[in-house]
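Chemist: generate coordinates for the sequence data below:
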Amino acid sequence: MLFSEITGQDRIRRRLIKAVRENRISHAQLFFGPEGCGKLALALAYAMYIQCTGRKEDDSCGSCPSCQKNKKLIHPDLHFVYPVVTQKSPTTVSTDFIREWRELILQNPYISLNQWLERIGTENKQGIITVKESEEIIRKLSFKTYESEYKIMIIWLPEKMNISTSNKLLKILEEPPPSTLFLLVSANPDQMLKTVVSRMQLIKIPRIDDESISAALKNNFTLPDDEIKYLVRQSNGNYNIALSLVSSSEEYRSNLENFIRLMRLSFGNRISDTLTWIDEISGIGREKQKNFLSFTLKMIRDNFLVTCNMQELSFMSREEHEFSVKFSKFINPSNVMLINEELNKAYYHIERNGYNKFIFLDLSLKLSQLLKMN
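Modeler: Residues are numbered from 1 along each chain as shown. A predicted model of the protein is given here:
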């Protein structure tokens, strides 16, 4: 991927290019930032620039054999690790899904974990990076480089490594083989083992600025200005959300529909219909359930802003706003923090493999009380 193909992040791009040109490339770097900020895209462009044999002052040449292979993610000295699901075999590793990875990343390097798990058909399980994967990393990096000056290992979402995996990689992260670079790309570095983070050069990636998202949408899609303005506002610095909204994301529509149903059912104490909804939401997979709860937290926040006459700070679509015109009056200073607490609690228990039907039943019962507080 070329640096010029990345949306925004000019300051980070200049910093990475400067490090290469001044031969100050750290052997282990952690790119971290919120979802959709382009951290994986930056890591890909950085790797391509490092391995480019016709390097320009501000970007890869894009035409040398190394760049041609990097564009297809098939360079023999570029390796990837990402969360997978071991439901079929405990020895499952990233390379078992390399075809799917290449296809999806070439289509959209701003993807979320949920999109990746959907692509490999394992959205009902949580992705992890196993001990077997760490053994594969050590084995691959023990070989000499094939073509490039550097072997580059990109680990996407290293927070999905369990403790055993992390511990197994500590030594190689601190003292890697010659000509080896680690680029870790994290959305939640706080969830990583501190001893791993301490061995990395940290590169914080901010949310993408509105102007850059607007420019990218104008260049890549034929959309009216008012629609672009809405997409930029709704995305809140997350280019993946902007892309999902452009394509009328099925997941977004599902989250909005489930939010409206849950709020109406909880307020109306419709137990039978609520149990039907719980059966449905319990069958969509934990990553989608977590995504729905995150969406619900956002909607509660935005509705509270409407209640406080601060709707200019909210980021709602037209469909969200239509529902919120009447619903927002039920989100007030008396209950907003309590509702947030229950949603965060549900997210916590879903993430830790709690029994989802009990979790959503408890949530709906709590909401039926909280929504009636004045």
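Chemist: when you work out contacts or count neighbours from here on, use the C-alpha atoms and nothing else.
Modeler: OK.
Chemist: poorly predicted segments of this protein, please.
Modeler: 87-88, 122-124, 247-250, 311-315 (pLDDT under 70).
Chemist: give me the domain ranges for it.
Modeler: 3-204, 210-247, 250-370 (automatic domain parsing).
Chemist: could you dump these into a markdown table and include mean neighbour count?
Modeler: Below are the domains of the chain laid out as a markdown table (neighbours: other Cα atoms under 10 Å):
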| stretch | mean neighbour count |
| --- | --- |
| domain 3-204 | 18 |
| domain 210-247 | 17 |
| domain 250-370 | 17 |
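Chemist: show the residue spans covered by the helices in the stretch 201-350 of the chain.
Modeler: With DSSP state H, counting those that start in this stretch as the criterion, the stretch 201-350 of the chain has helices at 210-220, 225-235, 239-246, 250-268, 271-281, 286-307, 318-327, 336-351.
Chemist: out of those helices, nearest to residue 186?
Modeler: helix 239-246 (15.5 Å; Cα to Cα).
Chemist: list the helices and strands that closest one packs on?
Modeler: helix 225-235 (3 or more Cα pairs under 8 Å, 6 or more residues apart in numbering; DSSP states H and E).
Chemist: quick check: angle from the helix it packs on to helix 318-327?
Modeler: 70 degrees (axes from the mean of the first three to the mean of the last three Cα atoms, to 10 degrees).
Chemist: which elements pack onto helix 225-235?
Modeler: Helix 225-235 packs on helix 210-220, helix 239-246, going by 3+ Cα pairs under 8 Å, 6+ apart.
Chemist: right, and residue 179 touches residue 150 too?
Modeler: Yes: contact criterion Cα atoms under 8 Å: residue 179 and residue 150 qualify, at 4.7 Å.
Chemist: follow-up on the earlier one: can you lay out the helices and strands packed on helix 225-235 as JSON lines showing distance to residue 328?
Modeler: Below are the helices and strands packed on helix 225-235 laid out as JSON lines (distance: least, Cα to Cα, whole Å):
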{"stretch": "helix 210-220", "distance to residue 328": "27"}
{"stretch": "helix 239-246", "distance to residue 328": "23"}
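Chemist: residue 132 contacts residue 94, doesn't it?
Modeler: No: applying Cα under 8 Å, one finds residue 132 not in contact with residue 94, separated by 10.0 Å.
Chemist: please enumerate the shared neighbours of these two.
Modeler: Contact with both residue 132 and residue 94 is made by no residue, according to Cα atoms under 8 Å, 6 or more residues apart in numbering.
Chemist: which one is the residue of the chain most remote from its centre nearest to, not counting chain neighbours?
Modeler: Note on the chain: the largest C-alpha distance from the chain mean falls to residue 374, namely 36.4 Å (Cα atoms, centre = their mean). Sequence neighbours aside, residue 334 is the residue nearest to residue 374 in space, at 6.1 Å (criterion: Cα to Cα, 6 or more residues apart in numbering).
Chemist: show me the contacts for residue 92.
Modeler: Counting by Cα under 8 Å, 6+ apart, residue 92 has contacts 84-86, 132.
Chemist: list phi and psi for it.
Modeler: Dihedral pair for residue 92: phi -60, psi 130, per degrees, to the nearest 10.
Chemist: so how far is residue 136 from it?
Modeler: 11 Å (Cα to Cα, to the nearest Å).
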